[in-house]
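Trainee: curious how this folds, go ahead:
(chains A and B)
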Amino acid sequence: MELRSNEPSGPIEQRWTEHKAHSKLVAPNNRRAYNLIVIGSGLAGGAAAASLGELGYRVKCFCFQDSPRRAHSIAAQGGINAAKNYKNDGDSVFRLFYDTIKGGDFRSRESNTWRLAELSVNIIDQAVAQGVPFAREYGGLLANRSFGGAQVSRTFYARGQTGQQLLLGAYQALSRQIEAGSVTMFPRTEMLELIVHDGAARGIVTRDLITGKLDTHIADAVILCSGGYGNVFYLSTNAKGSNCTAIWRAHRQGAAFANPCYTQIHPTCIPQAGTYQSKLTLMSESLRNDGRVWVPRKKEDVDKRPEDIPAKDRYYYLEERYPAFGNLVPRDVASRNALYVCNDGLGVGPEVDGQRRGVYLDFKDAIQRLGEDVIRDRYGNLFEMYERITGENPYKTPMRIYPATHYTMGGLWVDYNLQTTIPGLFAGGEANFSDHGANRLGASALMQGLADGYFVLPFTIGNYLGTVRKLPPLADDHPDVKRAVAAVEARVDKLLNAPDPKHAPEYFHRKLGGIIWHKCGMARTREGLQEAIEEIPKLREQFWREVKVTGSGEELNQTLERAGRVADFFELGQLMCIDALNREESCGCHFREEYQRDGEAARDDEHFQHVSAWEWSGDPEAPTLHKEPLEFEYVKPSTRNYK
Amino acid sequence: MSDQLLNLTLHVWRQDGPTDNGHFETYQAKDITTHMSFLEMLDVINEDLIEDGKTPIAFDHDCREGICGACGMVINGRPHGPQRLTTTCQLHMRQFSDGDELWIEPWRASGFPIVRDLCVDRSAFDRIIQAGGYVSVNTGAAREANEIPVGKLDADLAMDAAACIGCGACVAACPNASAVLFTSAKIGQLAMLPHGQPERQDRVRKMVAQMDAEGFGSCTNHEECEAACPKGISVNWIGKMNRELIAAMATAKDEVEVRGK
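Mentor: You can find the predicted model right below:
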């Protein structure tokens, strides 16, 4: 396998323009001859399907939800970055590029990241034109705020529902193309296999989630925008249905998987309340602007009411350990320190599996200083959400928070054209590994999904089609197609007929998530990862022996859907641990206990300034590693320091 | 946080498919902690059903944080249950008391055929949006975002309407199973913004015609929709839609084509 990034050379600010100028095009009257498949209807998929439909291609778009409007992009709260410099505070494309490269801890490709920053301004124009109701100033111009520690105000937002509004903008553009007949939408339909013919991606096998019917769809190119794999942890801020099946099936067909160990943990989530918990809820990290993080200094105080613990017995650990940044240290530092104090037995809240995993986020001082009205104005909706979930009033008693998995920077390896290592197979949004390196900055997930969907894929797909010209027809009864269908049938059958059925899929998913969370979570060690690599195959074997799926494959069967997704998470989880073990350095969100300097992450540029792209070997325990070296011409690698 | 355990009797609507008659099935939910969400309680019931070799209860859900609009069931006669401004997934068991008897049903409306158990087909909502709930602007054709100012009040009002999550509780709550709150919210949002003006009259006529073609009932001002809406969408948008429609019909230059179901 050869990893060719296909980056243009020359001055970085000219690369995307030059690349477009020298790429192949498909003439408007020829576009109707091409069939394209888009998996997922979130920001990347919805935007790509709509834009490709507008261009005149024949597009089929698939989502597992009952409507394309429900994709999990909808849950993003904070905002979207764009280098508009409306605030006159010194922002520029270069600065957004620089911040993204540095935030990614020098593990992303400069050319891609520059393009992302460059396209950010077009996204805002497009969304506004669609009727996305961004926040405005009294003069009628767009409002901005500073987000996630950025030194400029470049974040556009629509109350706390920016993801929802941007997604509905893309959904409405998609709806217009559905009405126009250029896009055919397949809701409640799941992709279960990729069809590869003559070395190129040529179609998919799907299951209709209502009837259970398997279908094949043949196309000239397949675009995966199926989101991230955070649910490998079982508990995460992802939607319950978010899954890795589309990208994992593609990986098994030959698409390299890049940097699977780069998973982002968000520090301000509502802690787990019990073993029955089904998901974790994120609260905007803007809360850390006014809240003070602490735990009791003494173990015997952990079950006391926080109000009864005097100031001298409170351990404001972030303020003490990081006097310069205090409660506003970056996400990974805040998360890791919460883990450490809880490991030391100072965690608060209910015991789950024998441990208290929570720290206080206290607004008492801020309320005293600013008044309850100001705090209500700033965080009222978050406080209400917290109270609805926990039954506690954060105006009166400190919130309890704990980190949770939020975003996965790893994903399918793609070149500058967002093409995977399988020709004709593209990946956009969180499904690819591009742009964010080892850590993603706040308010940049929406930006990347929409940049890929609206502006990159519609163009690079044209370049691909213009290069390969017309592909030969592929009949539904071709052996390559029949083989893919047979593989899906066999798998469904295996899930429905385990030899010794005992437990629902969740039982195994929870156990898998526990292993990954404790051993491949916020802080990783060689021993822990080695243990995980031993434990996961045993659990996977038990899953295939004991998974219990009632009902049949020929009906709406949500247990069967979940079982298939859990099966893929087992293999992906294995790869994550292998990748984390292999990367003997700490970078971004990947923190290896062995590799630190004065308690801070120690990156090893000499040995690990590369993308780790894994090739499927047929054995989930022995993937093949390929490396794409990373070069930094415009931003010199530097070391973070928050002390 | 104090833990309290509840024992509840659940009567859950079970229906194999759109043509099946359906019936209530009774389950005992035992030792349910008050910190569980309503859907987590159903997860527990379902896991037990699976381990007993039975078919679990089908229900739609996804984000479980009240924004995707996938979940929704009628609990003791109220869409999304007893707590105001709260989706089913955000409803927690502390809203109930030990010994409660709960009747759990799907949305019931001819515009929302039942798929299975508590899952319904809400594709009619998608078709209403497809009929005109957008601004026709191709990717790349947008002008610089700040060239057209939008007054803050108009932008805020547009956002109020745009907050709709498309869950369908408004339809389920309405004695006529009317979809006007949903439809009017999108019409109202785009009518408030300068970008929505060129298609304003066409949009309201097409969307209303599609809404009628889907078999939803008429609005007779019960305002149950607003009371059930987890996002608090105001019935004022219905009045706005009616004014938009009258104005559009009075000045219409052509007939609207309705694609139908």
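
Trainee: part of a strand, is A:Ala484?
Mentor: No: counting by DSSP: H, G, I helix; E, B strand; the rest coil, A:Ala484 is not part of a strand but helix.

Trainee: around it, count how many other residues there are.
Mentor: 25 (other CB atoms under 10 Å in any protein chain shown). From N, CA and C alone the C-beta is placed, and that goes for glycine too.

Trainee: residues in contact with whichever residue of the stretch 51-200 of chain B sits closest to chain A?
Mentor: Nearest to chain A in the stretch 51-200 of chain B, going by CB to the nearest CB, is B:Pro149, at a distance of 2.8 Å. Going by CB atoms under 8 Å, 6 or more residues apart in numbering or on different chains, B:Pro149 touches A:Arg136, A:Gly139, A:Gly140, A:Leu141.

Trainee: element containing it?
Mentor: Using DSSP states H and E, B:Pro149 falls within no helix or strand.

Trainee: about what we covered before: looking at the contacts of B:Pro149, state which has the most neighbours.
Mentor: A:Arg136 (21 neighbours).

Trainee: count the neighbours of the closest residue to it other than its chain neighbours for me.
Mentor: Here the nearest residue to A:Arg136 in space, its sequence neighbours aside, is B:Ala155; by CB to CB, 6 or more residues apart in numbering or on different chains that works out to 4.2 Å. Residues lying near B:Ala155 (other CB under 10 Å) number 22.

Trainee: same check, this time on B:Arg122
Mentor: By other CB under 10 Å, the residues close to B:Arg122 number 28.

Trainee: also A:Leu581?
Mentor: Neighbours of A:Leu581 using other CB under 10 Å come to 19.

Trainee: surely it and A:Arg526 touch.
Mentor: Yes: counting by CB atoms under 8 Å, A:Leu581 touches A:Arg526, with 6.7 Å between them.

Trainee: which SS class is the residue lying closest to A:Asn557 once chain neighbours are set aside?
Mentor: Leaving aside its sequence neighbours, A:Asn557 sits nearest to A:Gly551 (CB to CB, 6+ apart; 4.6 Å). Secondary structure, three-state DSSP: A:Gly551 is coil.

Trainee: so where do the strands sit in the stretch 301-450 of chain A?
Mentor: Remark: strands assigned in the stretch 301-450 of chain A by DSSP state E, counting those that start in this stretch are A:314-315, A:351-352, A:355-356, A:359-362, A:399-408, A:411-412, A:425-427.

Trainee: strands paired with the fifth one, and their directions?
Mentor: Same thing as strand A:399-408. Applying DSSP bridges to the sheet, strand A:399-408 is found paired with strand A:263-269 (antiparallel), strand A:359-362 (antiparallel).

Trainee: same question, the first one
Mentor: Under the criterion DSSP bridges, strand A:314-315 sits next to strand A:292-296 (antiparallel) in its sheet.

Trainee: could you do the second one as well?
Mentor: In its sheet, strand A:351-352 lies beside strand A:355-356 (antiparallel), with partners assigned from DSSP bridges.

Trainee: now the nearest residue to B:Phe24 once chain neighbours are set aside, which residues is it bridged with?
Mentor: Distances taken as CB to CB, 6+ apart put B:His11 closest to B:Phe24, at 4.4 Å, once the chain neighbours are dropped. Judged by DSSP bridges, the bridge partners of B:His11 are B:Thr26, B:Trp103.

Trainee: ok, B:His11 - contacts?
Mentor: Counting by CB under 8 Å, 6+ apart, the residues that B:His11 touches are B:Phe24, B:Glu25, B:Thr26, B:Glu101, B:Leu102, B:Trp103, B:Ile104.

Trainee: contacts only, for the third one.
Mentor: If you count contacts by CB under 8 Å, 6+ apart, B:Thr26 has them with B:Thr9, B:Leu10, B:His11, B:Val12.

Trainee: swap in the fourth one?
Mentor: Residues in contact with B:Glu101 (CB under 8 Å, 6+ apart) are B:Leu8, B:Thr9, B:His11.

Trainee: same thing but at 6 Å, please
Mentor: For B:Glu101, the contact set (CB atoms under 6 Å, 6 or more residues apart in numbering or on different chains) comprises B:Thr9.

Trainee: up against chain B, what does the stretch 1-150 of chain A have?
Mentor: Within the stretch 1-150 of chain A, the positions lying close to chain B (CB under 6 Å from any CB of the partner chain) are A:51, A:54, A:65, A:67, A:69-70, A:74-75, A:124-126, A:128-131, A:133, A:136, A:138, A:140-142.

Trainee: and those residues, which are buried?
Mentor: A:51, A:54, A:65, A:67, A:69-70, A:74-75, A:124-126, A:128-131, A:133, A:136, A:140-142 (16 or more other CB atoms under 10 Å in any protein chain shown).

Trainee: domain-wise, how is chain A divided?
Mentor: If you go by automatic domain parsing, the domain ranges for chain A are A:267-405, A:479-629.

Trainee: can you tell me which of the ones you listed is nearest to A:Pro187?
Mentor: Across these, A:Pro187 has its closest neighbour in domain A:479-629 (13.0 Å, CB to CB).

Trainee: did I read that right, A:Ala246 in a helix?
Mentor: Yes: read with three-state DSSP, A:Ala246 is one of the residues of a helix.

Trainee: what is the burial count for the closest residue in space to it that isn't next to it in sequence?
Mentor: Once flanking residues are discounted, A:Ala246 sits nearest to A:Ser226: 3.9 Å by CB to CB, 6+ apart. Per other CB under 10 Å, the neighbour tally for A:Ser226 reads 35.

Trainee: quick one: A:Ser226 from A:Thr525, how far?
Mentor: Per CB to CB, to the nearest Å, A:Ser226 is found 31 Å from A:Thr525.

Trainee: roughly how far does A:Ile204 sit from chain B?
Mentor: 21 Å (CB to the nearest CB, to the nearest Å).

Trainee: against which helices or strands is the host helix or strand of that residue packed?
Mentor: For A:Ile204, the element it lies in under DSSP H and E is strand A:200-208. Counting contacts by 3 or more CB pairs under 6 Å, 6 or more residues apart in numbering or on different chains; DSSP states H and E, strand A:200-208 packs against strand A:189-197, strand A:214-218, helix A:479-496.

Trainee: and B:Arg64, what's its pLDDT?
Mentor: Per-residue confidence (pLDDT) for B:Arg64: 97.

Trainee: looking at this, it is in a strand?
Mentor: No: assessed with three-state DSSP, B:Arg64 is coil; it does not lie in a strand.

Trainee: ok, residue 207 - how many residues close by?
Mentor: All of this refers to chain A. 24.

Trainee: ah, no, chain B please
Mentor: Neighbour number of B:Met207 under other CB under 10 Å is 28.

Trainee: tell me what the helix or strand where it lies is packed against?
Mentor: Per DSSP H and E: B:Met207 is located in helix B:200-213. Contact analysis of helix B:200-213 by 3+ CB pairs under 6 Å, 6+ apart lists helix B:123-130, helix B:180-192, helix B:236-250 as its packing neighbours.

Trainee: give me the residue from the stretch 251-400 of chain A nearest chain B.
Mentor: A:Ala273 (4.2 Å).

Trainee: what residues does the stretch 1-150 of chain B put near chain A?
Mentor: B:33, B:35-36, B:40, B:43-44, B:47, B:50, B:53, B:55, B:58, B:62-65, B:67-68, B:70, B:90, B:94, B:116, B:126, B:129-130, B:133-135, B:137-139, B:142, B:144-146, B:149-150.

Trainee: walk me through the domains of chain B.
Mentor: According to automatic domain parsing, the ranges for chain B are B:5-115, B:123-250.

Trainee: what is the distance between the longest one and the centre of its chain?
Mentor: Domain B:123-250 sits 13 Å away from the centroid of its parent chain (CA atoms, centre = their mean, to the nearest Å).

Trainee: average pLDDT for that domain?
Mentor: pLDDT averaged over domain B:123-250 gives 97.

Trainee: how long is that domain end to end?
Mentor: One end of domain B:123-250 sits 31 Å from the other (CA to CA, to the nearest Å).

Trainee: ditto for stretch A:240-249
Mentor: End-to-end span of stretch A:240-249 (CA to CA): 19 Å.
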